[in-house]
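>>> Got a predicted structure here, sequence first:
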There are 2 protein chains.
Amino acid sequence: MDGSHWLSMRPVAEKLAQNGHKVVVLTAESSLSMNGSDLYTALTYSISYSKEDLVSRLEMFGSDHFTPSYFPGVTITMYNNMQEVFRIYGDVCKSLLSNAELIQNLKDEKFDALMTDPFSLCGTILAEYLDMPTVMFLRGMPCSFDYISGQCPTPLSYVPKLFTTFTDHMTFIQRLQNVFVSLFDSVLFDILYSPYAKLATEFLKRDVSVMDLYRRASIWLLTYDFVFEFPKPIIPNMVFIGGINCANRQLLNQVKMKLVNSSGEHGFVVFSLGSMVSEIPMDKAMDIAEAFRSIPQTVIWRYTGKVPSNLGSNTHLVKWLPQNDLLAHPKARAFITHAGSHGIYEGICNAVPMVMLPLFGDQMDNAKRIESRGAGVTLNVLDMTPEDLINALDSVINKPSYKENIQRLSALHLDRPIHPLDLAVHWVEFVMRHKGAPHLRPAAHDLNWIQYHSLDVFAFLLAVLVTTFFISFKCCTYTCRRCCGRKSRPKSKSKKE
Amino acid sequence: MDGSHWLSMRPVAEKLAQNGHKVVVLTAESSLSMNGSDLYTALTYSISYSKEDLVSRLEMFGSDHFTPSYFPGVTITMYNNMQEVFRIYGDVCKSLLSNAELIQNLKDEKFDALMTDPFSLCGTILAEYLDMPTVMFLRGMPCSFDYISGQCPTPLSYVPKLFTTFTDHMTFIQRLQNVFVSLFDSVLFDILYSPYAKLATEFLKRDVSVMDLYRRASIWLLTYDFVFEFPKPIIPNMVFIGGINCANRQLLNQVKMKLVNSSGEHGFVVFSLGSMVSEIPMDKAMDIAEAFRSIPQTVIWRYTGKVPSNLGSNTHLVKWLPQNDLLAHPKARAFITHAGSHGIYEGICNAVPMVMLPLFGDQMDNAKRIESRGAGVTLNVLDMTPEDLINALDSVINKPSYKENIQRLSALHLDRPIHPLDLAVHWVEFVMRHKGAPHLRPAAHDLNWIQYHSLDVFAFLLAVLVTTFFISFKCCTYTCRRCCGRKSRPKSKSKKE
């Protein structure tokens, strides 16, 4: 997996290499963010997309979300974008698996383990082919498939489905909607992942289902933390490493340091819409610039588009910003974010309250989680006026509750017995040392759906009950008939008489 | 909780004290194993039992299990013993709660947290009264009440109930039995815990249920590890600290060291039936001694009864043995144990294969778990002949698979990112620092049974379905009647004609 998915994985790969392991990272030639490293070996394979292709497609996805659209248009756009992403990843996977020389090289290496983001099935197909224990590394999967394939119960009554923006306290109507959404899970999953199943069957030369492939996971490393996610049942081979990305901390360079230090008593605000959106339509950019010029804080805004004409002197546009390092500065007052999970964790780690402008994917849900904890305000980037943004910033900066809540979340999040990076590395090494972790695998994997839900047992009990009832009824009827018969016989006699 | 339950808790209390906390341990005057310590303050309260009383009752429980008995006698004995244990703990609890001076002292102290074994509800009642965040410390509760009150799903299809001795791979008949046992859970739980509910209601001067009290748990510290327990769903506020008791390691004294070093190439066998059984009937002791004199290993046997006349020169009787330290010695070849969870973990930590003679409580289940992993042999202490014991010892000592399996379990168990003692201390301190851990509490606690299982949602959907079907049916019937009516009218006319 490329893009932001890789950003959390990289420190694990690097730490493993520092621990003395040989780490090989498989990288598509036109990768967005998987640059080489001195620590690990990058094995590249050619794909049919150029980097420019990928960037322009991503930018298109980003700009799609700035076009006003309502139901069902917005859902169709989301669905089409998702399909397109899966098509691209499918093509990339095909290129990898058809590279016979590379595959043979990998086979010869006899690796101890494979770490992969299961969002794309490609790594898992490769692990099956090379018969390697697998560590899944993920933020989450579409349709809760991580939980389904891991055999982890997820009661629909308090575990909200992704994209619903519900909390764990749902009204009756919301619970109804949650059940409805779950009914479409397997349909959507089939649409998205069935091309992979075809690919896997061709490559492995035998029939395999997507579920079979995911079931081989030894450990699920989930970038979750329950200060952010709602608590729900888990299984023993799930390991929670939310906030792992906060480990990447460096000193600010001189230019940035001068900028933030000069922000005075009001401090500064950090604004980024993530790696996929660095440009936005000019009218929106002008609205935002308008809001920024009215606030006393300095603003550092990641923006590569045309400079808005109304840009205030307190607003500094940058092509790239060291987000985590800026948020760690004591003068950081607020973080305006698209609510990607990386950004959210950086906001939590550094205890900076957030104004969230979610655009797509899990961002609406992420924003809802932070909002429900009183640590941020969500705005609709399409509808918002400059006043909305000014008010939201004023709230999170000047109302003490927002700062108190994010500080509370931050304190809970950082109070852990072991750093998530060390935890992740431990479990990868565990899988390497013990060739998997079968002792953590629930026996539920060996049951079919009927057995798992004890339906055969309940059907049997029901059958026994019905049979008992039927026999008792028949006995009673028979006895009654005999008794009544005896009594009635004289009557009939008398009738005859 | 006294006895073996306290043995695992003590290191946590001591480590907390070493970390600079003030630790107060509430101890009944006639405690079995809760001796004072330089590290913590022991606050004692008087109870109506003398230590001799308690010891003689315990010995009676132990000897009960050497009297041959079959169903239903054995179940009735087990039930009566359980009732008796709960009666004693209830009496002890009454003594504590009625000690007004002590309770006032505790109130004045304003503690940060309370750690308690929920097997007795007493600590939880006290926590409710003093409004303290609570850490539960346990091996498990009767009737899976730890899982039920923690709102943790436990699918009956692969999570065997305690006392069934089933594994996580059950046949249809076993799954049927598992469901049956679960049906009696709440009945048995009510019988055992309802006196506590009465006591709590009197003490707190308001109606409370046992469930309400247990639900206040911030963290469940479970002395579980999945090399021993079968993997099953868990919840985020469950922390697994199985093997915490292995931390207590000391050098063997000179006498013991000389004994084990003199055992020669065949090494030695450790034999203990736990703290509750130090004497056994003479015929059984002679059978065991007979077996021991036929094996080449030295045997160290914890036994306080009359010396069997046929005791071999290789068998050494001791009043007490440093079990964990002896098992850690490289010459330890086998461990004959009653399969209490402490002993099992010491066997696992030190990779010593086991011959298990389970007597009561969870011991049959523990033995089954180790047996199912191929790391030990279970014998029925009542039926076994000297030959059975000799054969079992021969197997675990000389068949390589037993040693290999226990070594594999040991390697998995010891390969952890943090020691269970440090983990336990971290979570107690976490609860102290943050006044609980509400962010780990599943929202399931705020739902009733119908809502939790989405029965209202499904009932609504069914109602909609039935109504739709009914209306469609009525419409069809009406339409048909109209259509047929038109056609049939002429007929009726013709009839009239």
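Perfect, I can see it now.

>>> can you count the residues close to residue A:220?
27 (other CB atoms under 10 Å in any protein chain shown). Where C-beta positions appear, they are placed from N, C-alpha and C, glycine not excepted.

>>> quick check, it in a helix?
No - the assignment for residue A:220, made by DSSP: H, G, I helix; E, B strand; the rest coil, is strand rather than a helix.

>>> Quick one: residues contacting it.
By CB atoms under 8 Å, 6 or more residues apart in numbering or on different chains, the contact list for residue A:220 reads A:136, A:138, A:146, A:150, A:237-239.

>>> Adding secondary structure and distance to chain B, write these out as TSV.
As requested, the contacts of residue A:220 are arranged in TSV below (DSSP: H, G, I helix; E, B strand; the rest coil; distance: CB to the nearest CB, whole Å):
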residue	secondary structure	distance to chain B
A:136	strand	16
A:138	strand	17
A:146	helix	14
A:150	coil	10
A:237	coil	7
A:238	strand	9
A:239	strand	9
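
>>> will you turn those into CSV that also has neighbour count?
Listed next are these as CSV, based on neighbours: other CB atoms under 10 Å in any protein chain shown:
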residue, neighbour count
A:136, 28
A:138, 20
A:146, 21
A:150, 23
A:237, 26
A:238, 21
A:239, 24
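
>>> Do a quick rundown of the helices in the stretch 301-450 of chain A.
Using DSSP state H, counting those that start in this stretch, the helices of the stretch 301-450 of chain A run over A:323-327, A:341-349, A:363-372, A:386-398, A:400-414, A:420-434, A:449-452.

>>> and residue A:25, which of the ones you listed is closest to it?
helix A:420-434 (13.4 Å; CB to CB).

>>> Which of the helices of the stretch 301-450 of chain A sits closest to chain B?
Closest approach to chain B among these is made by helix A:420-434 (4.2 Å; CB to the nearest CB).

>>> just the strands in chain A please.
Using DSSP state E, the strands found in chain A span residues A:24-28, A:41-45, A:114-116, A:134-138, A:217-222, A:238-240, A:268-272, A:298-302, A:315-318, A:332-337, A:354-356, A:376-378.

>>> what does the first one contact?
Judged by CB under 8 Å, 6+ apart, the contacts made with strand A:24-28 from elsewhere in the structure are A:2, A:13, A:34, A:36-37, A:40-47, A:92, A:95-96, A:106, A:109, A:111.

>>> quick one: that strand to strand A:41-45, angle?
30 degrees (axes from the mean of the first three to the mean of the last three CA atoms, to 10 degrees).

>>> In strand A:24-28, which of the residues would be classed as buried?
A:24-28 (16 or more other CB atoms under 10 Å in any protein chain shown).

>>> strand partners of it, parallel vs antiparallel please.
Applying DSSP bridges, strand A:24-28 is found paired with strand A:41-45 (parallel).

>>> Touching the helix or strand of chain A with the lowest mean pLDDT from outside, list them.
Least confident helix or strand of chain A, by mean pLDDT, DSSP states H and E, is helix A:51-64 with a mean of 79. When contacts are defined by CB under 8 Å, 6+ apart, helix A:51-64 is touched by residues A:3, A:30-32, A:77, A:81, A:84-85, A:88, A:273, A:276-281, A:359-360.

>>> hmm, try it at 6 Å
Helix A:51-64 has contacts (CB atoms under 6 Å, 6 or more residues apart in numbering or on different chains) with A:30, A:32, A:77, A:81, A:276-277.

>>> Need the contacts of residue A:220 in TSV (columns: distance to residue A:335 and pLDDT).
What follows is the contacts of residue A:220, written out as TSV (distance: CB to CB, whole Å; pLDDT from 0 to 100):
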residue	distance to residue A:335	pLDDT
A:136	29	97
A:138	24	93
A:146	28	88
A:150	32	91
A:237	34	96
A:238	28	96
A:239	27	97
